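K.L.:
Predicted model and sequence below, questions to follow.
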Amino acid sequence: MTRHAKNNTASSVYSYHERQRDNQSSGYGTQHKRLNKDSVKDFNACNLSLQPCRNPVLTPDGYLYDKEAILEYIIRQKAKIMRNIKRYEKEKQKDEQRLKESMEKDDETKTKKFSDHETMKVLSGNNDDEQQQASTSSSISNMNNGNDKQLPSFWIPNLTPSTEDRTKKPDTIVRCPMSGKALKSNRLIEVKFTPVDPKCINPYRATYKCAVSGDILTNASRCVVLKTSGSVVTEECLEKIIKKDMIDPINDKPLKESDIIPLQRGGTGYSSANELEAKLHRPVMSA
């Protein structure tokens, strides 16, 4: 082993290599990771459970969920919102009560001060001790009147000052876990995948095809859901066949642009088709 290999971190300059190594070992800096195919869900998988959907439903933004999972999520979020509202109301009442008490205390102090000022008699025979006591009591120093023994200390646990955990005003809207937009159960659209083998019941082994052209659907397929029937078709079929007449080929109902919802697909493992780089933002180390 050469001398340079032994002393590669003994330079007087903090090098880029040393900075990156220290960031990685101490938990500082933004961490980048490229996702492989195993880390990306399939096109027919629920965005919550990441498992193939048994009863698939779709949000207006094109995110696919299993009906049982998304309804359970909505119920839990509503219960959480109610708990946060109750907690916020209790803290609000405490703040109002504390403000009321402080105002009453200020009024009492002002009244007492005014009364003492009106009834105060100046005595000519004040001794030096009384004058010193008066000057000490009116001093603005925080070390007088025994306050030096009540000062907070950051080294003693029982004297360490603490702050209350304030609760912000809770959001009363249940939001989609993927898009962050408002989510309502009555706006969920039932999706009907067309299986290649109708006899296959197991969703883990089932393969699906376009409801019109019969093309096999994969993670690389760009698909849309027709809101009028809930059927899944490919974008190629939509452009070449359906958009000419704007009629749903499954039930012959007229289609509008708002009835065509692009299905947010999973991933193919290729960076050209998906965003496959994950970032974890951590505190930055400056040196």
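P.N.:
Ah, there it is. Numbering: from 1, shown residues only.
K.L.:
now the helices for the stretch 151-287 of the chain?
P.N.:
Assigned by DSSP state H, counting those that start in this stretch, the stretch 151-287 of the chain shows helices spanning 235-237, 243-245.
K.L.:
among these, which is nearest His17?
P.N.:
Nearest to His17 among the helices of the stretch 151-287 of the chain is helix 235-237 (47.0 Å), distances taken as C-beta to C-beta. From N, CA and C alone the C-beta is placed, and that goes for glycine too.
K.L.:
Packing partners of the closest one?
P.N.:
Counting contacts by 3 or more C-beta pairs under 8 Å, 6 or more residues apart in numbering; DSSP states H and E, helix 235-237 is packed against no other helix or strand.
K.L.:
Could you give the average pLDDT over that helix?
P.N.:
Helix 235-237 shows a mean pLDDT of 92.
K.L.:
So what does Phe43 have for phi and psi?
P.N.:
The phi/psi pair for Phe43 (degrees, to the nearest 10) reads phi -70, psi -30.
K.L.:
Which strand residues bridge Ala182?
P.N.:
Arg175 (DSSP bridges).
K.L.:
isn't it right up against Val174?
P.N.:
Yes. Under the criterion of C-beta atoms under 8 Å, Ala182 is in contact with Val174, at a separation of 7.1 Å.
K.L.:
Please pull out the lowest mean pLDDT helix or strand from the protein.
P.N.:
When the helices and strands of the chain are scored by mean pLDDT, DSSP states H and E, helix 128-137 comes last with a mean of 52.
K.L.:
returning to what we had before: would you list the helices of the stretch 151-287 of the chain in JSON lines and tack on distance to Thr119 and mean neighbour count?
P.N.:
Output for the helices of the stretch 151-287 of the chain, formatted as JSON lines (distance: least, C-beta to C-beta, whole Å; neighbours: other C-beta atoms under 10 Å):
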{"stretch": "helix 235-237", "distance to Thr119": "90", "mean neighbour count": "16"}
{"stretch": "helix 243-245", "distance to Thr119": "92", "mean neighbour count": "10"}
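K.L.:
quick one: which of those is nearest Val40?
P.N.:
Taking the helices of the stretch 151-287 of the chain one by one with C-beta to C-beta, helix 235-237 is closest: 19.8 Å.
K.L.:
so the residue lying closest to Asn44 once chain neighbours are set aside bridges to which residues?
P.N.:
Leaving aside its chain neighbours, Asn44 sits nearest to Pro52 (5.6 Å; criterion: C-beta to C-beta, 6 or more residues apart in numbering). Going by DSSP bridges, Pro52 is paired in beta bridges with Ala45.
K.L.:
From here on, call the first residue 819.
P.N.:
Understood, numbering begins at 819; the last thing we discussed is Pro870.
K.L.:
any idea how far Pro1101 is from Pro870?
P.N.:
Pro870 sits 39 Å away from Pro1101, going by C-beta to C-beta, to the nearest Å.
K.L.:
ok, back up a step: and of the helices of the stretch 969-1105 of the chain, who's closest to Gly847?
P.N.:
Per C-beta to C-beta, nearest to Gly847 of the helices of the stretch 969-1105 of the chain: helix 1053-1055, 39.9 Å.
K.L.:
Surely Cys994 and Asp879 touch.
P.N.:
Yes. When contacts are counted by C-beta under 8 Å, Cys994 is listed as touching Asp879 (6.9 Å).
K.L.:
Have a look at these two and say which one is more surrounded.
P.N.:
Cys994 (19 against 14; other C-beta atoms under 10 Å).
K.L.:
State the distance from the more buried one to Lys910.
P.N.:
29 Å.
K.L.:
if we can go back for a sec, neighbours of the residue nearest to Asn862, how many?
P.N.:
Applying other C-beta under 10 Å, I find that Pro870 has 19 neighbouring residues.
K.L.:
mind listing what it touches?
P.N.:
With contact taken as C-beta atoms under 8 Å, 6 or more residues apart in numbering, Pro870 is in contact with 860, 862-864, 1021-1022, 1024.
K.L.:
Thanks a lot, see you next time.
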